[in-house]
Every structure is written in C-alpha cells, then in structure tokens.
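**Q** Pasted the sequence and its predicted model underneath.
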Amino acid sequence: MKTIAIDRLPDLAQALSKAGYRVVAPVDEGGVVRLREWTKGLALALDAVPVNSVKDVLFPRSEVVARFALEESGGFTPAPLERSAPKTVVLCARPCDAAALSALDAVFNWDYRDGSYNARRAATTVVSLACFKADEHCFCTSVNGAPDGTAGADALLRPADGGKKLVFEALSDKGRQLEAMVSDGQAVPDAPAALKRRFDSAAVGRWLASNFESPFWKEAALACLGCGACAYACPVCHCFDLQDESDKKECRRLRNWDSCGFGLFTLHASGHNPRPDQSARWRQRVTHKFSIYPQKFKTFACTGCGRCARLCQAGMAIAETCERIEALGR
Amino acid sequence: MKTETSAVPAATAFEPRITAFVCNWCTYAGADLAGTSRLQYAPNMRIIKLPCTGRIDPLFVLKAFEDGADAVLVSGCHPGDCHYTSGNYHARRRWTLFRKLLALTGIGDDRLFFSWVSAAEGQKFADLVNDVTAKVRQAGPFRAANPGRRA
Amino acid sequence: MMKALREAAAKLLQEKRAVLVIGYADRKGRPAVFVSKPEDCGRLVYDSSCRQNLAAYLGKPELRARLPVAVVAPPAVLRSLVVLTAESQIPAGQVLALAVDHDAFLGVFDAAGAAELLRSKFPDLGPEKALLERVAELSKKSAAERAAFWAEEFAKCTRCYACRAACPGCYCSRCIVEKNAPQWVSTAALGHGNYTWNVMRAFHQSGRCTLCGACEAACPQGLPLMVLNAVLDREALAEFDARPGYDPEGKPVIGSWSAEDDHSYMR
Amino acid sequence: MARIGVFICHCGENIGRTVDCPAVAAAAARMPGVVHSVDYKYMCSDPGQQMIKKAIVEKKLTGVVVGACSPRMHERTFRAAAAEAGLNPFLLEMANLREHCSWVHSDQAAATQKAIDLVRVMVAKARRDRALRPIRVPVEPTALVVGGGIAGIQAALDIAAGGKKVVLVERGPSIGGHMARLSETFPTLDCSQCILTPRMVEAASHPNITLMTYSEVESVEGFVGNFTVTVRRKARYVDPAKCTGCGDCFNKCPLKKIPNEFDAGLGMRRAIYVPFPQAVPNKPVIDAAHCTMLQKGKCGLCAKVCPRGAIDYKDQDRLEKIKVGAVVLATGFQLWDHAAYGEYGGGRYQDVIDGFAFERLASASGPTGGRIKRPSDGVEPKTVVFLSCCGSRDDKAGKKYCSKICCMYTAKHAMLYRHKVHDGRAVVFYMDVRAAGKGYEEFVRRAIEADGAEYVRGRVSRITRRKDGTLVVRGADTLAGRPVTIEADLVVLADAVVPRSGSEKLAQLFGVGYDQDGFYSEAHPKLRPVETAAAGVFLAGACQAPKDIPESVSQASASAAKVLGLFAKPELEREPIIARVNRTTCAHCRACISACPYGATRDFDVLDRAGKVLRTVAEVNEGLCQGCGTCAAVCRSHSVDLDGFTGEQIHAELSALL
C-alpha cells in the first residue's frame, strides 16, 4: 500500500514541483487558510477548510476570454489569446471540493464546451484529503457526499495511524501517475470523521419545486445583506459576468465571477428586476442548488462544504434553511 | 500598454507622462498667460480642463494612474479666487483626505501634486510644470511601483 | 443586562413603537435576528462577540418597508444611526436604538437622543490603540513597500463586496462600481480594479465612517480594511475636527468647507 | 456613429512654426470617429470659418474639433460659425495648440506629439458631446453701481438715461470721489468741482437713481440677471429725511480738531460733519469714533441745536437687500503710501506731501483757500520739488507698473504753483514724461516753456531735512550726467496709484478676479475690457487699472452700454453648462445640497400618479446652477453629472490620453 507520513507532505509537494507540476495547496496566510500556489518552505494547513475551493483553479475569478487590438481609426481586430493551463496538482483538496467537479464539468460542457475550463480541467490532478474532523457547518452527508468521498478526485489521501500517516489511493490514471512519488508502507486507516445527515436533500428538492411563492422566503432571507461571499466561496457556483475593458490600444473581454445574491444580477435595462428583493435572490440560490440544477444535470449544485455559512457575516446558513424546508415539507 | 504611448516621440530616455486636472478660470488661464508670455516649459504634461477643481472626482486621479500616468497634478484658483466662490475650498478638503489615503497605499507626493495657480501666474505655471517634470523624472517610471496599475 | 434589553425590546413591540427589533441572535457568531413578537425577545443577546453593524440593515428596502424598527446598538452602531439621520436616510422617529455597551443596557433613544448619549458618555470614540499601531507600522514603511503591501493584500480581493454589504454607510441604490457608462471602477478582480475599488470604498466613507469594524470582519479574505478607514478618520479629525456620528444635523465633511482648512501641501 | 471634423490652424506662423500642422491633421484623420481633417493658415479668418461651415454641411459632421488658439480666445467665434452651419455650438471643441503648446515648447517633435495628444483628447470629448440648448432666465432690470466717484456717477447717469433703475452705493458720506478733491484738471485746467458737482446733483436727483451713501456691499447671492445684494447702511446718527443740511450741528460741535480725510489731513473737521461744502447728499453724519456722546454718553450738543430733531444717537447699521440684474464695480484707487521710502523721509517730513495734499492746497475750496502754504508752518514755499514718479516702475520697494496719470498731474501742479507763486521755483524730477493723450504733450510743454517749470530727468536719491526745516533734495540729472542738490521748502511726491483698500474682498464677493497688484481683471485685455469673468459684473475706472478722468468716464459709459444691452431683453440666455441629477439612482444623502455654492441643488419629491411621495431626491435649479460641478464630484454614486463636462467625457478624455 502507498503511504506517506503526514509531516512529509511538503516533500511530496516538492517532488511534484520537481516533476514539473504547479502545486496548489492549502496555506495559512495570516489566519486565512487559502488554496494557493505552493512554493518551497510553505507549510500545508490541513485543519481548516480553505476559504476558496478547487473551483478557483479551473475557473478563475477574473479571466480574459477575448482580446481585440484597437486601430487608430477605431476599427479592431481579434488578437491571439494565450490560454494558461499549466500542469497542476491540487494537493489536499477536500472531498467536498472534488465532488463539485462533476457539477462544474456538466455546466461548462452543457451546450457550449468551454475551452479554457476544459483545458485547465485536463491539466489538473486533484488529490483530496479525507476529513478527519467536521465542524458545525459541514453537511456533505446530506448531499450524497462523505468526509472520505472519492467523487471527482484523482487520488485520495486517507488519514491513518491516528493521523500520523496518510494512505494514498489512486482513483484515476492522473492519480496513478503520482503513485511513484509516494513510498510503499503499511498503515492502519483511521475512521473518517463522523457526520450525521442533517436533512433529506431529495425531500428539500420536492418542496422547492412546488413552493416558489411560499411566504417562508420573505422571512428566511431577512438577514441576507446581498454580498457575494457565499457564491464566491462555493465550489459549485459558476455564474459569471462578461465585461469589456479597453484602453487606447486594446480591448479585453473579461469573464468575472458574479453572484445571484447581487441586486444587479437580474436587473433589466428597463429598470425592472424580476428578483426585486433579497428573499427572491435567496430563494433562487437555494432553489437552483437543490431543484433546478438537479433536474437539469442530475446532481445537486451543493456539496455540503459549508463555506458559505462559515464565511457569511450575517449567519445565513443554507443547511439550516434546508432543515426548515424539510420540516415544512412534512 | 504603458510603454507603447509616450509623451514625446521615440525617446530612449524616460519621459514622464503627467496628467493635469485644472480649472478653467485660474490655472487654465494661467497656462494661457504662460503661452502669451512665451515662457518655455517641459512638454510632458497634458491638461484636462474642467470648469472648477470642485468638479474633480478622486476617481479621475485614480483612472489617470491606472492608465499609466507617472504623475498627476491638480491645480485651481487660489483660496478666495474661485470663480464659483467655493469650488476650490470643497476640492481642498477632498484632496487633504485623499492624498493621505493614497500616501498610505504608496502613491506619495512625488507622484501626486497640488497647486494654486491664478490667471495672473503664467510664470508660476511654467515653473510648476518644469519642477514637477524634474521631480518625476528623478522619481523614475511609476509603472513598477504603482499599486493600482492595469495589469 | 440581557434582561433589561429584552424587556425594553418587548415593551417597544407591545407599544407598537417598533414593529420589528433588529438584534443579535443567541447563536454562535452572533448573527442578526429579527424579532416581531414580544415573547420572542428572549432570543436577543449582546456581548463582545457581536461583530455586525445592524444599522446596515436599514439600507435594505425590505426592512425600510417595515418601519418603525428598533436596533440593538453598541456605541459604533449608535454613531451609524446618527450619521444615517444626518444623511436623511432614516425617516424621523422611525428608527429607535436599544443602546448597549459591554455589559450594560443604556436605554431606548431616537437619533437625537443617541447623539446626546454619545456626546455625554462616549465623547471621543476613535480607532483602538491596536488599530492605530497597525497604521503607524505601515506608515513607517517606504512608499514602495507600502505599495507592495497593498498590491499583495488587494490581490486577495475577490470583489464579493461583503465589505460594502456590511457597511451602513454603503446605502447607495447604485454603487459607483455598478455604474458602467462610464465604468470608472473595473469589476474584474484584478490589480487595478481591486485597488480602485478598495481605495474608493474607504474614501467614500471619509468623514462618515464610525469605525465599527464590520467591513473588515465581513471580508472573507481578511483584508486590513480598517487601516484605510482609520487613517482617514484620524486625518478628518485632525484637519476638520470631524466627529462623524455625534450630530444628527451635522454637515458632511466632504461637502462642506472652511476658509481655515489647511493647504500647506498646495504649491 | 460620430462624424467628427478636425480643423488644425497654423495661426500664421504662431502654431506652424513649432507644430507640424499637416502631421497633426494627418494623425487626427486616423482617430476614431474622425471623418474629415484639414489644416489651414488662419482658421479664425473668414475663409477658415467658411471651410468649417462647408464641411459641417457637406460631410454631415456631428462634431467639430478646432486645433488652434486657446478656447478663451476663439471658442465663441468658432461655436458661432458652427451654429450658422446648423450644428449645435456645444458640439464644437477646441484643442489649445498655441498658448498651451507651440508658444511654450521649442522642440518640434515633442510639440507636434503633444499637439496630436491634445487633439485626440478633444476628439474623444467631442464624440460624447451632446447638443445643449441655452438656458433662459428672467432679468431684473436694475443695476448696482459700487463706488460714487466720477466713474460710478457716469455709469449710473448713463444707465438711468437709458431708462433703467440704478442703485449707486458709496462707502463715504458723499459721492464725488477723488475728482471732488482736485483743484483743476489737465489738460484744460477747468475747475474740477465746476464740472463735477452738477453731475453729482444730477445723480442725486435723477428719478431712476437711488443713492446709498455711507453704505457698503455686505454679501452677494445669485447670478447674472438675478443678483441679491445685501448692503450695509452704516449708522449716520442723522435722519436724512428730517435733516435740511442747515449746518447748525457741525458749527456747534465742540470737537474741532479732527483731521479731514477729504483735505488729506491738512484741514480739520468736526465729529459731526459733511466732508466738503458741496457734498451730495449735503447732510452730515456723526463720526462715532470721535463723538463724545457716542463714546462717553456726554455732550449731545448737536441734538440740542438741531431745529428738526434729526439727530438720533441710537441709530444703528441696517442691512438692506436689493435685487439687481447687473453690477458695475467702480471702486477706484488710492495713493500708495510713500512711507515705504525711507530715503524720502519715510513719511516723517510734514512738508513732503502727496499729490492730493497739493490738490487741496491749490484748491480754492481747500483748507488754505487756494493759497499754497507749506503744512509745517503755513509759510508760502519758494522752491517746490515735484517727483513725477514715486513708487511706480519700481518692482523692489514699490510697484512694477506705470501709474499713468502722474506725469500729467505733476505738470499741472508745477503749472498751478507757478501761477500762484510767480517768484517761486518749480523743479520736476522725472524718469520719462509720458504724455500720450489729446492735448497732453502740449500741456506739458506749456508747463515747461510758458510757465517755467524746471524739468530734471533723473531720480531723487534722498530727501533730508535741515533743522530750519529746509528740505535738501539730492538727485542726479541723467541728461547732464551730474548730481543735483536742491534746497526746497516743499516736496510733492506723485505716489503710485493702487486699488482702493478692501477692493479684493469686494472682488471675492462678486467672484471677480484681480491681478497681483489687486486691480480687477477684465474678461479679455483687448476685446472685453469692461466685462469680468463673472457674468453680469462690469468694470469702470481705476479699479481695473490706473486711469485719468476721461478714460474712467469713457469706460464708465462703456460699462453702462453693456448693462443696458443686458437689460434690453426681458430674458437672458445662459450657457447650458449645468448639473443634472439621475433621480433613479440618487440616494438622497444630500452631500450635493450641502456642497452647492449657489444653493441650486435642492430636495425634490418624486410622486406617484396619485400624488403620493415615493422618494425624495436631489434636483438642480437651472437658473441658479453655474456649472462648477462640485455637486457631481461629491456624489458617491455619480448620480449627479455636469453637462459639457460629463463623467463619460472625462473618462473618454483620460482613456484617449494614455
């Protein structure tokens, strides 16, 4: 069996970058644990769930998707676009991050196959780390996930010997390519974190499909202040806004993250807004994740990572909303 | 795109690009007087004319830096001389706070300049342009150090 | 203290002086809670772990439509209520403050009363020492070092606008960053847009910020936003004797002037 | 889609010498939105303007950029031309290639590149110009004239003669100004009072003229056509309505030894007084600073003797608001204080006097009844030295400029002295004799040739005083090239002409500019000499620059003509450069309302169909807005914008620049 001592993870990261991979791993930056490019000397932070997810690697928050050279005369010609899809390993991602990839793959290959997403996806190997503890915001088990879930991952690191070691399980060819860098050894896998199911996501989906006008929403969203923290932290949220920026020489078309929580998100040029208030926006967020998206892509648009609730200044917690919806459904 | 446009043609030496926001009644007229007096000064400054310094939103300054200006000058009427009686007083408050904020973020007084130049001060305007240009020349290109530059 | 707070809140609801009480919930993280029934006032708490500035909710159309309301308000929030009154954002008498501080309930006040309370009990609220030290430390660095520092910090900004949502002063129905003809502030989460956004967010609060800290607390990326707010607060105080949140009739610092204002930096 | 025409002017050699105009025109032709670009020797000439008009029509231009001189010079010209061709004048912009480029740079390549940048910026702006319609505001057909000297009186009389109302505000107790203090006037030597006093009386009695003497402008609100001016009516302590001017009061007043300002301190007046016998109104005022009744509450003699009970010690300053449509500033001048010249005694010598003092000595109505006596001992001076230039043309201790009137009045003084003291010597030290003016040169020659004034070309280095009081004047005769020393009994210094004290404060009230010496700035040195940068405010007399009487009078009449022109129409067209509020995005923080210098931004209730108030927002009053744009800059959400300088235009200009 392939194992690695937990304190030798940096060596693995080093080996990977020697092998020509860009290594992305959770790093503690002044109290904020963030998935970022790993460089020699950086310690890996494995205790907290990072504020960002693997989504950032495949679908950056701002990306140039087209360039036009502007001529003096005001005319323009499309300029070549250098797509950066470096060979990357995401080391110690979370199973709930990896689980999000199927949802992202679905939407970025639905009617239009998104070039830059797929290029990065192909070049990225996801090595997730099974959770050995869960916090009050975690609810992967409520959305068909598990603390040691393997969905979407190319390899899984399973804590063993009381957390001293990690067992390396290759789950795909990409994963197997890394096996060589992990030594053989024996270890007794630890039990994954215990996390009891908080709600029946199918039941939630059923209620959502038929309670669009429920008064529940009005009061459920009172606390929401309408920022984008939840959507940006979410491993699945993938809405974006196209913006053109230009200077004297060039026009760039940028794809920037957007959030259904923003008032501007659905504002029409006429001034009409079909989602006029925060309750309509919160309803959209929940309904999309648990009803609309599953109907379309047969998978929830939520992996129960709990980031949205962890980061929300106003204490909005989608799991809590789902619990209450399930109760309403009974 | 910074390096592609330059204030003067094909110069190997660093030629500062300075954007000036001036009011119509005092500094613009002062610059006119410098002209009618045939005072010679450095060709590195480009003037954006506004009715009054009161019209100048700090965003204008940030935009100039974002676009790659090596320095920005804001100039208007002396206190008490504002054509609109108090536009320059309002501007003064704005800049007093704004410059401190920018200084904290690394845009200091070798990049951001303020002055009062009246319609009668052609010489002062000419000296000002030369002085600012010299200081920026000494400070060097801003691109690398500019915290708000366009990537 | 809790008892007094809860009783006062319940009384306001009973007497219909408020149809809604916005307070801090008895839950981890002390999120906002909205109580409309006197018997539910037991859910209200206040302690040092309350980070939100509940006055921010007064910018929400849904809640503006549910006046009169009462807001649980530690000193910084009281100041915000006074600022919002001075800026004609709060209809007279439609918002009451349930004033709290540390472990004391101070009573129910309207904006004028809140200002009076602040002047008598908290006459010189300002940045905490630790914050001023952060400012001083940064100010010691060279301009290039400061620029590098902020370039690195702002690079983390995802433009989720949690800072804006958290701030009672950010009540514009259309934020400048949402104006696209012209687009002064790039919406891309890249160097230039992030710099302009964060600098302008702070500047738009100059002379108005009550240093409640909600923006920094709300930032998922942990940007040191309060350093920007603090430097503006100190400068406005030093130069214009500006004390935002102490006078419900006060004129805005940006939008008024004095012939004595300093201009030693003008050439 | 914008169709911009660019017209690059060579301005003869002025631009063409340093800027490669054809290259600029060629570069402009490639700029976004430009469909037509040419250069020409003189764009402002008739063929030049025809060129623009023709292109507007034939090329269907939607905007025009003229790269020429400063817009302050010819923007009006070109906009008028555009309008004639059917293009809204506000769709034309100017790039300043002369004052801001060719005249200030010598490096041709750099100047040409700069010119191209300046044109590109204005093209970017012009592409976003919007057609603007002039704003019409009603005009209050009453004029305010500030200053009751000859200029003010003339302006008031001409406006009144034109059938419009005038309010004439004078700081002192009487109108008349300096001219009333003169003995005779050059070059005709007719008696100053004889020609002035009838005008003073006419002004006082004219049905269209309201006199406000002993009054000062306190504050000014509003704008051209609609000023509201607050005037401080200083307490006179004498009710003009009751007073008949009999004079019993000032003949009885026990305080006899107060130096009379009107007589340059040579004569004395009482605490209750009229400055001079022919004063208009001929009604006394009480000088509160000296009156014992007002200071200590004792005396009260004047009240006792007044047959009409016109004295009122309880009188107080009153503030009076008047609505006027136009203003003429005629605040005049005063003499520079030669105390600054230590070498001339630093003002310590009693017998070293200024021009006005000599006027009073020579005046038949003066303290000496027209007999020349020296102040120290009243003896008739046998040798008088005149310095025709004292403080002028001296940028070190004095003033850079020439005071213009000194040469002439010094010649007059010498002449008057010789007429009165036949055996006396009149020695005139001069730098140059500047006698440009009708009959002026002849006048000076007469002083020298007919009246024997001794003219010495040179400066006086110092003036000392002997124990016996004789003044020793040392100088140099630069023509003969030798030093001169003259023992004089009296020295008359022609002190430089400087603006009246307090004129800068007044300028600020009206938003009028002034130069480093404090003289008011005209809108254009050649073409708009009586207008100022402040619309509806005009200039007359020495407040603008040193002037003699005929010049002051003609400028006064010119400003009167401007005022009458302004009043000729009931409505006034104003430049539509004003702010606008976007009601849908305005958050009503009221920062703009607090910031507006004109109180033009106000609350506005947005109503639904039923008339119920939906929201309150800010709005801009078109009549009051002057277009400074301060409101736009304090608006955090950019819900306020300024026509002609919109955020979109400024953004585009910046984008075009770098």
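**A** Sure thing, it's come through. Here the structure is a predicted model, which means the values were calculated and not measured. Residues are numbered from 1 along each chain as shown, chains lettered A, B, ... in the order given.

**Q** so who does B:T105 touch?
**A** Each residue near B:T105 by C-beta atoms under 8 Å, 6 or more residues apart in numbering or on different chains is listed here: B:147-148, C:146-147, C:150, C:195, C:199, C:228. Using the backbone N, CA and C atoms, a C-beta is placed for each residue, glycine as well.

**Q** Buried ones among the residues you listed?
**A** B:147-148, C:146-147, C:150, C:195, C:199, C:228 (16 or more other C-beta atoms under 10 Å in any protein chain shown).

**Q** What about those, which are in helices?
**A** Among the buried ones among the contacts of B:T105, DSSP state H puts C:146-147, C:150, C:195, C:199, C:228 in helices.

**Q** Save those residues as JSON lines, and put in distance to D:P381 and pLDDT too.
**A** Shown next, in JSON lines, are these (distance: C-beta to C-beta, whole Å; pLDDT from 0 to 100):
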{"residue": "C:R146", "distance to D:P381": "75", "pLDDT": "96"}
{"residue": "C:A147", "distance to D:P381": "76", "pLDDT": "95"}
{"residue": "C:W150", "distance to D:P381": "79", "pLDDT": "96"}
{"residue": "C:Y195", "distance to D:P381": "78", "pLDDT": "97"}
{"residue": "C:V199", "distance to D:P381": "75", "pLDDT": "98"}
{"residue": "C:L228", "distance to D:P381": "76", "pLDDT": "98"}
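
**Q** near chain D at all, the helix or strand bottoming out on mean pLDDT in chain C?
**A** None of the helices or strands of chain C scores lower by mean pLDDT, DSSP states H and E than helix C:61-64, at a mean of 91. No. Using C-beta under 8 Å from any C-beta of the partner chain, helix C:61-64 stays clear of chain D, with a minimum separation of 10.5 Å.

**Q** Looking at the contacts of B:T105, spot the one nearest D:V280.
**A** C:V199 (63.8 Å; C-beta to C-beta).

**Q** Checking my notes, B:A91 in a helix, right?
**A** Yes. Judged by DSSP: H, G, I helix; E, B strand; the rest coil, B:A91 forms part of a helix.

**Q** Leaving aside the residues adjacent along the chain, what's closest to it?
**A** Nearest residue to B:A91 in three dimensions, chain neighbours excluded: B:T53, at 3.7 Å (C-beta to C-beta, 6 or more residues apart in numbering or on different chains).

**Q** where does A:C92 fall, phi/psi-wise?
**A** Taking degrees, to the nearest 10, you get phi 60, psi 40 for the backbone angles of A:C92.

**Q** now D:P499
**A** Phi and psi for D:P499, reported as degrees, to the nearest 10, are phi -60, psi 150.

**Q** Under a three-state scheme, what state does the closest residue to it other than its chain neighbours occupy?
**A** The spatially closest residue to D:P499, leaving aside those adjacent along the chain, is D:G518, at 4.1 Å (C-beta to C-beta, 6+ apart). Under three-state DSSP, the three-state class of D:G518 is coil.

**Q** Might one say that D:T228 is in contact with D:K323?
**A** Yes. The pair D:T228 and D:K323 qualifies as a contact (C-beta atoms under 8 Å) at a distance of 5.5 Å.

**Q** residue of chain B with the smallest distance to chain C?
**A** Nearest residue of chain B to chain C (C-beta to the nearest C-beta) works out as B:G106 at 2.7 Å.

**Q** again with the stretch 51-200 of chain D
**A** D:R128 (9.3 Å).

**Q** Is that residue in contact with D:G644, as I believe?
**A** No. Between D:R128 and D:G644 there is no contact under C-beta under 8 Å: 10.6 Å.

**Q** what ranges do the helices span in the stretch 151-267 of chain C?
**A** C:162-166, C:191-203, C:214-218, C:225-240 (DSSP state H, counting those that start in this stretch).

**Q** Columns distance to chain B on top of these, output as a markdown table?
**A** What follows is the helices of the stretch 151-267 of chain C, written out as a markdown table (distance: least, C-beta to the nearest C-beta, whole Å):
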| stretch | distance to chain B |
| --- | --- |
| helix C:162-166 | 15 |
| helix C:191-203 | 3 |
| helix C:214-218 | 15 |
| helix C:225-240 | 5 |
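
**Q** residues touching residue 62, list them.
**A** Chain wasn't specified; assuming chain A. With C-beta under 8 Å, 6+ apart, A:S62 has these contacts: A:254-257, C:188-190.

**Q** You answered for a different chain; I wanted chain D.
**A** By C-beta under 8 Å, 6+ apart, the contact set of D:T62 is D:2-4, D:91.

**Q** C:A151 now?
**A** Contacts for C:A151 were tallied using C-beta under 8 Å, 6+ apart; they are B:147, C:191, C:195.

**Q** And the pLDDT for it?
**A** Per-residue confidence (pLDDT) for C:A151: 95.

**Q** before we move on, back to that, can you put the ones in helices among the buried ones among the contacts of B:T105 in TSV and add distance to chain A?
**A** As requested, these are exported to TSV (distance: C-beta to the nearest C-beta, whole Å):
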residue	distance to chain A
C:R146	17
C:A147	19
C:W150	14
C:Y195	14
C:V199	18
C:L228	17
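
**Q** Let me have those in a markdown table, extended by distance to D:V123.
**A** Below are those laid out as a markdown table (distance: C-beta to C-beta, whole Å):
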| residue | distance to D:V123 |
| --- | --- |
| C:R146 | 38 |
| C:A147 | 34 |
| C:W150 | 35 |
| C:Y195 | 29 |
| C:V199 | 30 |
| C:L228 | 37 |
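
**Q** quick check, nearest of these to A:I325?
**A** Nearest to A:I325 among these is C:L228, at 40.5 Å by C-beta to C-beta.

**Q** Does that closest one touch C:M200 like I think?
**A** No. With contact defined as C-beta under 8 Å, C:L228 does not count as touching C:M200 (10.3 Å).

**Q** Kindly format the C-alpha coordinates of the strand or helix carrying D:M293 as PDB.
**A** Following DSSP states H and E, the helix or strand that holds D:M293 is helix D:292-296. C-alpha atoms of helix D:292-296 as PDB (Å, rounded to 0.1, in the frame of the first residue of the first chain):
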ATOM      1  CA  THR D 292     -18.000 112.100  22.900                       C
ATOM      2  CA  MET D 293     -21.800 111.500  23.100                       C
ATOM      3  CA  LEU D 294     -21.500 108.100  21.400                       C
ATOM      4  CA  GLN D 295     -18.200 107.300  23.100                       C
ATOM      5  CA  LYS D 296     -18.900 108.500  26.700                       C
END
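
**Q** Check which residues of that helix are buried.
**A** D:293-294.

**Q** Phi first, then psi, for residue 50.
**A** Using chain A. phi -60, psi 150.

**Q** nope, chain D
**A** Note on D:Q50: its backbone torsions stand at phi -60, psi -40 [degrees, to the nearest 10].

**Q** same check, this time on D:Y514
**A** Backbone torsions for D:Y514, taken as degrees, to the nearest 10, come to phi -150, psi 160.

**Q** likewise the one 5 residues further on?
**A** With angles defined as degrees, to the nearest 10, D:F519 shows backbone torsions of phi -70, psi 140.

**Q** ok, which residues in chain A are in contact with chain D?
**A** Contact residues (C-beta under 8 Å from any C-beta) of chain A with chain D: A:72-74, A:246-248, A:271.

**Q** Turn those into TSV, including neighbour count and secondary structure.
**A** Compiled in TSV, those are given as follows (neighbours: other C-beta atoms under 10 Å in any protein chain shown; DSSP: H, G, I helix; E, B strand; the rest coil):
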residue	neighbour count	secondary structure
A:E72	15	coil
A:S73	12	coil
A:G74	14	coil
A:S246	14	strand
A:D247	20	coil
A:K248	18	coil
A:G271	7	coil
